[in-house]
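Participant: model the following, please.
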Amino acid sequence: MADQPIKVQRDYLKIVCYAIAAFEALHSLYFLLDTAYLLISYTNLYTIMAFLGTNVWVLTVVALSVGLWKERPMLFIFWFFFSGIGTITDIVYMVWNVTASLTFDLAHFLRWTILYCGIVLECTGLYLVYSYYQRLNRQKNDDSASRPKDSALRPKDSASRPKNSASRPKRRKRYVPKSPALQSGTTSYPATDTKR
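Facilitator: Numbering: from 1, shown residues only. Presented below is the predicted three-dimensional model:
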């Protein structure tokens with residue numbers, strides 16, 4: 001029994017985030033090819049803007065993938081920003097589409113249902129990746145709090161330290177009174193503020 005290795009638990013949230021990143025990569029590459037075809041066929045301002053927007057989308061998905069792989073939560077922010085704007089745009093489009101429709105038929109209902117399901121999937125993906133982002137941030141903060149401060153900056157041996165103490169002057173701490181009534185608004189010394 002003692003020889004059995006300890007099983008490492010799978011991080012299912014990370015696996016789901018990788019699946020979201022893979023789906024986003026496929027989705028963005030499809031739209032990149034589609035907008036490249038449109039740009040070649042019909043070159044105008046709208047196709048140029050669509051192509052540039054799709055390139056930005058691909059870059060944010062790459063940043064998300066690298067952030068997941070290297071466990072760097074700051075790289076998630078680009079994807080959050082772009083996906084958040086896309087989700088808000090989809091919500092506005094759906095509300096506009098429903099309110100501007102003059103008829104209610106099966107074709108409109110199917111379009112609205114597909115839009116609604118897409119918005120729910122986008123919000124679910126944003127929530128799951130944001131949950132993983134928060135967990136990574138907590139881990140980074142816990143790791144940095146447990147690490148000793150400035151230990152990497154201090155010299156390890158006595159040979160690298162300065163020989164005389166005169167090379168580094170000692171700093172004096174200034175006296176700052178505890179009472180806020182005596183504290184000046186412009187200086188740290190009490191009752192010396194003459195600017196009124």
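Participant: so the residue most central in space within the chain versus residue 83, what's the distance?
Facilitator: Centroid check for the chain by Cα atoms, centre = their mean gives residue 77 as the closest residue, at 2.2 Å. In this view, residue 77 and residue 83 are 11 Å apart by Cβ to Cβ, to the nearest Å. To be clear about C-beta, it is placed using only N, CA and C from the backbone, and glycine gets the same treatment.
Participant: who's in contact with residue 136?
Facilitator: Counting by Cβ atoms under 8 Å, 6 or more residues apart in numbering, residue 136 touches 71-73.
Participant: helix or strand for residue 116, which one?
Facilitator: Assigned by DSSP states H and E, residue 116 falls within helix 106-146.
Participant: now that helix: how far from the chain's centre is it?
Facilitator: In terms of Cα atoms, centre = their mean, to the nearest Å, the centre of helix 106-146 is found 12 Å from the chain centre.
Participant: also stretch 70-81?
Facilitator: The chain centroid and the centroid of stretch 70-81 are separated by 4 Å under Cα atoms, centre = their mean.
Participant: please apply the same query to stretch 98-112.
Facilitator: Counting by Cα atoms, centre = their mean, stretch 98-112 comes out at 36 Å from the chain centroid.
Participant: can you check stretch 90-109 too?
Facilitator: Distance, centroid of stretch 90-109 to centroid of chain: 32 Å (Cα atoms, centre = their mean).
Participant: and it, what's its mean pLDDT?
Facilitator: In this model, stretch 90-109 has a mean pLDDT of 88.
Participant: give me the buried positions along it.
Facilitator: 90, 94 (16 or more other Cβ atoms under 10 Å).
Participant: and if you look at stretch 130-138?
Facilitator: 132-133, 136.
Participant: could you give the mean pLDDT of it?
Facilitator: pLDDT averaged over stretch 130-138 gives 93.
Participant: in stretch 19-39, what counts as buried?
Facilitator: Those would be 20-21, 24-25, 28, 31-32, 35, 38-39, for stretch 19-39 by 16+ other Cβ under 10 Å.
Participant: take those residues and keep only those in helices.
Facilitator: 20-21, 24-25, 28, 31-32, 35, 38-39 (DSSP state H).
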